[in-house]
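S.K.: From the sequence below, what's the structure:
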Amino acid sequence: MHWRKYLSLGVPCFFLGLAIILYAPQEKKTFSYLITLLFWATYYLWIHVEKKKRTK
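M.R.: Sure, this is the predicted structure:
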């Protein structure tokens, strides 16, 4: 696992998701799931791009 990438994306996403859960109106709280999906998509895209750069 790429810990540096994981933490650099995970910590801000965690606090952003927590802020949405705590402060958003009830009908907007489901956006916290979107933050989680964006985190994982960005994480795996970042790893994919780095692997592609190494093979060139």
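S.K.: Report pLDDT for the residue lying closest to residue 31 once chain neighbours are set aside.
M.R.: Distance criterion C-beta to C-beta, 6 or more residues apart in numbering; nearest residue to residue 31, sequence neighbours excluded, is residue 20 at 5.4 Å. For glycine as for every other residue, the C-beta is placed from the backbone atoms N, C-alpha and C. In this model, residue 20 is scored at 92, pLDDT.
S.K.: repeat for the one 10 residues further on
M.R.: Model confidence at residue 30, expressed as pLDDT, equals 88.
S.K.: and what of the one 4 residues further on?
M.R.: On pLDDT, residue 34 comes in at 93.
S.K.: buried stuff in the host helix or strand of residue 9?
M.R.: Per DSSP states H and E, residue 9 falls inside helix 3-23. For helix 3-23, a neighbour-count test (16 or more other C-beta atoms under 10 Å) marks 9, 13, 17, 20 as buried.
S.K.: going on from it, what's the next piece of helix or strand?
M.R.: Using DSSP H and E, the helix or strand that directly follows helix 3-23 along the chain is helix 31-55.
S.K.: so how far is that following helix off the chain centroid?
M.R.: 8 Å (C-alpha atoms, centre = their mean, to the nearest Å).
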